[in-house]
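K.L.:
coords below, sequence missing:
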(Lines give C-alpha, C1' and ligand atoms only; values in the text may rest on other atoms or scores of the structure.)
Protein backbone atom coordinates (compact mmCIF):
# COMPACT_ATOMS: atom_id res chain seq x y z
CA UNK A 1 0.00 0.00 0.00
CA UNK A 2 1.33 3.42 -0.96
CA UNK A 3 2.07 5.69 1.97
CA UNK A 4 2.46 9.40 2.59
CA UNK A 5 5.18 10.89 4.77
CA UNK A 6 3.91 11.16 8.35
CA UNK A 7 4.94 14.81 8.52
CA UNK A 8 2.65 15.59 5.58
CA UNK A 9 -0.22 13.76 7.30
CA UNK A 10 0.38 15.68 10.52
CA UNK A 11 0.20 18.99 8.66
CA UNK A 12 -2.75 18.08 6.41
CA UNK A 13 -4.96 17.21 9.37
CA UNK A 14 -4.57 20.79 10.60
CA UNK A 15 -6.73 21.91 7.67
CA UNK A 16 -10.49 21.55 7.46
CA UNK A 17 -12.00 19.15 4.95
CA UNK A 18 -13.43 21.97 2.82
CA UNK A 19 -10.00 23.56 2.40
CA UNK A 20 -8.45 20.17 1.61
CA UNK A 21 -11.15 19.49 -0.97
CA UNK A 22 -10.51 22.89 -2.59
CA UNK A 23 -6.78 22.16 -2.65
CA UNK A 24 -7.29 18.75 -4.30
CA UNK A 25 -9.55 20.37 -6.87
CA UNK A 26 -6.96 23.05 -7.64
CA UNK A 27 -4.10 20.54 -7.94
CA UNK A 28 -6.10 18.29 -10.24
CA UNK A 29 -7.62 21.15 -12.20
CA UNK A 30 -11.08 19.59 -12.09
CA UNK A 31 -13.87 19.23 -9.53
CA UNK A 32 -14.85 15.84 -8.13
CA UNK A 33 -17.36 14.25 -5.77
CA UNK A 34 -14.85 12.49 -3.53
CA UNK A 35 -16.58 13.62 -0.34
CA UNK A 36 -19.42 12.26 1.76
CA UNK A 37 -22.98 13.53 1.60
CA UNK A 38 -25.07 15.17 4.34
CA UNK A 39 -26.32 11.82 5.65
CA UNK A 40 -22.96 11.19 7.33
CA UNK A 41 -22.70 13.14 10.61
CA UNK A 42 -19.76 13.64 12.96
CA UNK A 43 -21.16 12.17 16.16
CA UNK A 44 -18.14 13.04 18.34
CA UNK A 45 -17.06 16.46 17.00
CA UNK A 46 -15.16 17.24 20.20
CA UNK A 47 -12.34 15.00 18.96
CA UNK A 48 -11.57 17.19 15.95
CA UNK A 49 -10.24 16.13 12.55
CA UNK A 50 -8.54 12.83 11.75
CA UNK A 51 -6.61 11.53 8.75
CA UNK A 52 -5.76 7.97 7.85
CA UNK A 53 -5.90 5.09 5.40
CA UNK A 54 -9.26 3.46 4.80
CA UNK A 55 -10.05 -0.16 5.62
CA UNK A 56 -13.48 -1.12 4.29
CA UNK A 57 -16.09 -3.60 5.48
CA UNK A 58 -19.66 -4.51 4.57
CA UNK A 59 -21.81 -5.46 7.57
CA UNK A 60 -25.32 -6.89 8.04
CA UNK A 61 -26.45 -6.02 11.58
CA UNK A 62 -29.80 -7.85 11.28
CA UNK A 63 -29.80 -10.58 8.64
CA UNK A 64 -27.71 -13.68 8.02
CA UNK A 65 -26.06 -13.88 4.58
CA UNK A 66 -24.45 -16.74 2.69
CA UNK A 67 -21.14 -14.90 2.62
CA UNK A 68 -20.77 -14.34 6.36
CA UNK A 69 -17.13 -14.13 7.42
CA UNK A 70 -15.45 -14.40 10.78
CA UNK A 71 -14.98 -11.05 12.45
CA UNK A 72 -11.42 -12.19 13.12
CA UNK A 73 -10.71 -11.89 9.38
CA UNK A 74 -11.67 -8.23 9.62
CA UNK A 75 -9.63 -7.63 12.76
CA UNK A 76 -6.67 -9.52 11.22
CA UNK A 77 -6.78 -7.03 8.35
CA UNK A 78 -6.88 -4.10 10.76
CA UNK A 79 -4.00 -5.55 12.78
CA UNK A 80 -1.89 -6.15 9.65
CA UNK A 81 -2.48 -2.69 8.16
CA UNK A 82 -0.01 0.06 9.10
CA UNK A 83 -1.74 3.03 10.73
CA UNK A 84 -3.19 5.51 10.96
CA UNK A 85 -6.37 3.67 9.95
CA UNK A 86 -9.90 4.95 9.44
CA UNK A 87 -12.36 2.08 9.18
CA UNK A 88 -15.17 2.63 6.69
CA UNK A 89 -18.20 0.39 7.28
CA UNK A 90 -21.38 0.11 5.22
CA UNK A 91 -24.73 -1.33 6.27
CA UNK A 92 -25.68 -3.75 3.45
CA UNK A 93 -28.64 -5.31 5.25
CA UNK A 94 -32.07 -5.88 3.72
CA UNK A 95 -33.28 -3.03 5.95
CA UNK A 96 -30.28 -0.70 6.23
CA UNK A 97 -30.04 1.71 9.17
CA UNK A 98 -32.34 -0.38 11.39
CA UNK A 99 -29.60 -2.12 13.41
CA UNK A 100 -26.36 -0.77 14.85
CA UNK A 101 -23.05 -1.47 13.09
CA UNK A 102 -20.73 -0.15 15.79
CA UNK A 103 -20.63 0.11 19.59
CA UNK A 104 -18.38 0.86 22.53
CA UNK A 105 -16.69 -2.55 22.68
CA UNK A 106 -15.77 -2.25 19.01
CA UNK A 107 -14.50 1.28 19.64
CA UNK A 108 -12.05 -0.02 22.21
CA UNK A 109 -10.62 -2.86 20.11
CA UNK A 110 -10.39 -0.63 17.06
CA UNK A 111 -8.47 2.01 18.97
CA UNK A 112 -6.17 -0.62 20.48
CA UNK A 113 -5.35 -1.81 16.94
CA UNK A 114 -4.38 1.63 15.64
CA UNK A 115 -7.67 2.93 14.27
CA UNK A 116 -7.99 6.73 14.60
CA UNK A 117 -11.58 7.04 13.41
CA UNK A 118 -14.64 5.15 12.15
CA UNK A 119 -16.88 6.22 9.28
CA UNK A 120 -20.13 4.27 9.39
CA UNK A 121 -22.65 4.40 6.56
CA UNK A 122 -25.30 3.14 8.93
CA UNK A 123 -26.22 3.52 12.58
CA UNK A 124 -24.23 3.12 15.78
CA UNK A 125 -25.05 2.61 19.45
CA UNK A 126 -23.33 3.15 22.84
CA UNK A 127 -22.30 6.68 21.87
CA UNK A 128 -21.37 7.56 25.45
CA UNK A 129 -19.10 4.53 25.62
CA UNK A 130 -17.55 5.36 22.25
CA UNK A 131 -16.76 8.81 23.58
CA UNK A 132 -15.22 7.25 26.70
CA UNK A 133 -13.09 5.05 24.44
CA UNK A 134 -11.86 8.21 22.69
CA UNK A 135 -12.65 7.07 19.15
CA UNK A 136 -13.87 9.71 16.67
CA UNK A 137 -16.91 8.35 14.80
CA UNK A 138 -19.15 9.39 11.92
CA UNK A 139 -22.51 7.83 11.10
CA UNK A 140 -26.12 8.29 10.08
CA UNK A 141 -27.46 8.23 13.64
CA UNK A 142 -28.09 6.02 16.67
CA UNK A 143 -30.27 3.01 17.45
CA UNK A 144 -30.31 0.75 20.51
CA UNK A 145 -30.02 -2.75 19.06
CA UNK A 146 -28.96 -5.14 16.32
CA UNK A 147 -29.52 -8.75 15.27
CA UNK A 148 -27.02 -11.55 14.50
CA UNK A 149 -24.50 -8.92 13.35
CA UNK A 150 -22.29 -10.31 10.60
CA UNK A 151 -19.44 -9.04 8.46
CA UNK A 152 -20.10 -9.90 4.81
CA UNK A 153 -16.99 -8.61 3.04
CA UNK A 154 -13.75 -6.79 3.78
CA UNK A 155 -11.29 -4.75 1.69
CA UNK A 156 -13.85 -4.41 -1.08
CA UNK A 157 -14.59 -1.07 -2.80
CA UNK A 158 -17.82 0.40 -1.46
CA UNK A 159 -19.88 3.56 -1.61
CA UNK A 160 -20.25 5.08 1.86
CA UNK A 161 -22.11 8.35 2.19
CA UNK A 162 -22.11 8.69 -1.62
CA UNK A 163 -18.29 8.51 -1.73
CA UNK A 164 -16.51 5.58 -3.39
CA UNK A 165 -13.88 4.28 -0.97
CA UNK A 166 -11.30 1.54 -1.33
CA UNK A 167 -9.00 0.05 1.26
CA UNK A 168 -5.80 2.08 1.17
CA UNK A 169 -7.43 5.39 0.21
CA UNK A 170 -6.20 8.37 2.19
CA UNK A 171 -9.15 10.18 3.77
CA UNK A 172 -9.56 13.17 6.06
CA UNK A 173 -12.67 13.60 8.21
CA UNK A 174 -13.99 16.44 10.33
CA UNK A 175 -17.25 18.18 11.24
CA UNK A 176 -18.08 18.86 7.57
CA UNK A 177 -17.67 15.20 6.57
CA UNK A 178 -15.11 13.03 4.86
CA UNK A 179 -12.93 13.89 1.87
CA UNK A 180 -10.55 11.74 -0.15
CA UNK A 181 -6.98 12.89 -0.83
CA UNK A 182 -5.23 11.12 -3.72
CA UNK A 183 -1.99 9.79 -2.28
CA UNK A 184 0.09 10.82 -5.27
CA UNK A 185 -0.80 14.50 -4.81
CA UNK A 186 -0.87 14.67 -1.00
CA UNK A 187 2.26 16.83 -0.82
CA UNK A 188 0.98 19.25 -3.47
CA UNK A 189 -2.42 19.32 -1.75
CA UNK A 190 -0.76 20.41 1.48
CA UNK A 191 1.10 23.23 -0.30
CA UNK A 192 -2.04 24.51 -2.01
CA UNK A 193 -4.10 24.20 1.19
CA UNK A 194 -1.65 26.55 2.88
CA UNK A 195 -1.95 29.04 0.01
CA UNK A 196 -5.75 28.87 0.16
CA UNK A 197 -5.76 29.48 3.89
CA UNK A 198 -3.41 32.46 3.53
CA UNK A 199 -5.62 34.03 0.85
CA UNK A 200 -8.74 33.39 2.91
CA UNK A 201 -7.17 34.99 5.96
CA UNK A 202 -6.33 38.15 4.02
CA UNK A 203 -9.91 38.26 2.68
CA UNK A 204 -11.40 37.80 6.16
CA UNK A 205 -9.15 40.53 7.53
CA UNK A 206 -10.17 42.88 4.73
CA UNK A 207 -13.94 42.49 5.16
CA UNK A 208 -13.61 42.66 8.96
CA UNK A 209 -11.68 45.91 8.89
CA UNK A 210 -13.52 48.96 10.26
CA UNK A 211 -12.29 50.80 7.17
CA UNK A 212 -13.77 48.24 4.74
CA UNK A 213 -15.63 49.54 1.69
CA UNK A 214 -17.42 47.74 -1.10
CA UNK A 215 -14.80 49.15 -3.50
CA UNK A 216 -12.20 47.16 -1.56
CA UNK A 217 -14.17 44.00 -2.22
CA UNK A 218 -14.60 44.77 -5.92
CA UNK A 219 -10.88 45.37 -6.26
CA UNK A 220 -10.13 42.08 -4.49
CA UNK A 221 -12.67 40.24 -6.64
CA UNK A 222 -11.19 41.52 -9.89
CA UNK A 223 -7.63 40.63 -8.84
CA UNK A 224 -8.25 37.23 -7.27
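P.N.:
That came in fine, so what should we check first? Every value quoted in this text rests on a predicted model; they were computed, and no experiment measured them. Numbering: from 1, shown residues only.

K.L.:
select the helix or strand of the chain having the lowest average pLDDT value.
P.N.:
Using mean pLDDT, DSSP states H and E, helix 214-223 stands out as the lowest-scoring helix or strand of the chain, at a mean of 84.

K.L.:
show me what it packs onto, helices and strands only.
P.N.:
Secondary-structure packing of helix 214-223 (3 or more CB pairs under 8 Å, 6 or more residues apart in numbering; DSSP states H and E): helix 186-208. (Each C-beta comes from the backbone N, C-alpha and C, glycine too.)

K.L.:
where along the chain do the strands fall?
P.N.:
41-42, 50-60, 85-91, 100-102, 115-121, 123-124, 137-139, 141-142, 150-154, 158-160, 163-165, 170-174, 177-180 (DSSP state E).

K.L.:
rewinding a little: other residues contacting the least confident helix or strand of the chain?
P.N.:
Residues outside helix 214-223 that contact it (CB atoms under 8 Å, 6 or more residues apart in numbering): 203, 206, 207, 209.

K.L.:
what's near enough to touch the third one?
P.N.:
By that I understand residue 207. By CB under 8 Å, 6+ apart, the contact set of residue 207 is 216, 217.

K.L.:
so for stretch 113-122, what gets flagged as buried?
P.N.:
113, 115, 116, 117, 118, 119, 120, 121, 122 (16 or more other CB atoms under 10 Å).

K.L.:
pLDDT averaged over it, what's the number?
P.N.:
Averaging pLDDT along stretch 113-122 yields 97.

K.L.:
and stretch 84-91, by the same measure?
P.N.:
Per-residue pLDDT over stretch 84-91 has a mean of 97.

K.L.:
let me have the buried residues of stretch 113-122 in CSV, adding distance to residue 12 as columns.
P.N.:
What follows is those, written out as CSV (distance: CB to CB, whole Å):
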residue, distance to residue 12
113, 23
115, 18
116, 13
117, 14
118, 19
119, 17
120, 23
121, 23
122, 27
